[in-house]
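Q: sequence unavailable; structure follows:
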């Protein structure tokens, strides 16, 4: 599970808010009004619509879980499914108690996990909790802890890859211990360098860490390794 940024949660309060915002956006390629809403981020001023677009692009590579049926989650589930995002609603009520809404959700492309053990299959990457669902449920606590572990692991892997690529570049420039590496390592090095340049001068590292985290999560590096070393597949 990933911690969802506050700016993203703002747009997941209900389908009506999302629809109202989307209708207010200027057409693609047109100039934004002077009073358009903007957000201040670490990289400077980012327009809100780009933040939202990036958020949904991120979700397309994840599995999303919504805990609890309700007006808010129903609208969110339909919206996410319509955008091609894999989404599952978990609810303690069974099909008989929920009624026709179950079929409507499934027809919209939403998966359901219902009944007494509804949280047993709570294994999505991103999880949203309905307001009426207790924050301290054991399954949700476990998911938050697992999300922290996963994010820390991704950060460590990203830093290790960045360090290794930097070492390869320095060794090749100095040429004191040879310049060759194995074909699989060369392929991985080249792929990382497509997104992250050599550190020839000091700069903020966090954008590069996030870029490599995204690369690791995408599975592209694993595919490269399996192509070069079939035994890994």
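A: It's in. Since the model is a prediction, treat every value here as computed from it, not as a measurement.
Q: tell me if residue 197 really is in a strand.
A: No - according to DSSP: H, G, I helix; E, B strand; the rest coil, residue 197 belongs to no strand; its state is coil.
Q: pLDDT score assigned to it?
A: Per-residue pLDDT puts residue 197 at 94.
Q: and residue 201, which of the three is it?
A: Under three-state DSSP, residue 201 falls in the coil class.
Q: ok, now how distant is the residue nearest to the spatial centre of the chain from residue 212?
A: Against the mean C-alpha coordinate of the chain, by Cα atoms, centre = their mean, the closest residue is residue 58 at 4.1 Å. Applying Cβ to Cβ, to the nearest Å, the value for residue 58 to residue 212 is 15 Å. Any C-beta I mention is one placed from the backbone N, CA and C, and that applies to glycine too.
Q: about what we covered before: helices and strands around the host helix or strand of the residue nearest to the centre of the chain, which ones?
A: Assigned by DSSP states H and E, residue 58 belongs to helix 48-59. Under the contact definition 3 or more Cβ pairs under 8 Å, 6 or more residues apart in numbering; DSSP states H and E, helix 48-59 sits against helix 6-10, strand 38-41.
Q: point out where this protein drops to low pLDDT.
A: 1-48, 177-179, 233 (pLDDT under 70).
Q: that one: helices as residue ranges?
A: Taking DSSP state H as the test, the helices found in the chain are 6-10, 15-24, 48-59, 71-82, 95-98, 101-107, 138-174, 183-195, 206-218, 220-228.
Q: looking at the ones you listed, spot the one closest to residue 120.
A: Each of the helices of the chain has some distance to residue 120 by Cβ to Cβ; the shortest is helix 138-174, at 8.1 Å.
Q: what packs against that closest one?
A: Applying 3+ Cβ pairs under 8 Å, 6+ apart, we find helix 138-174 packed against strand 126-129, helix 183-195, helix 206-218.
Q: and the residue nearest to residue 81 when sequence neighbours are not counted, how far from residue 203?
A: Nearest residue to residue 81 in three dimensions, chain neighbours excluded: residue 109, at 3.8 Å (Cβ to Cβ, 6 or more residues apart in numbering). Applying Cβ to Cβ, the value for residue 109 to residue 203 is 42 Å.
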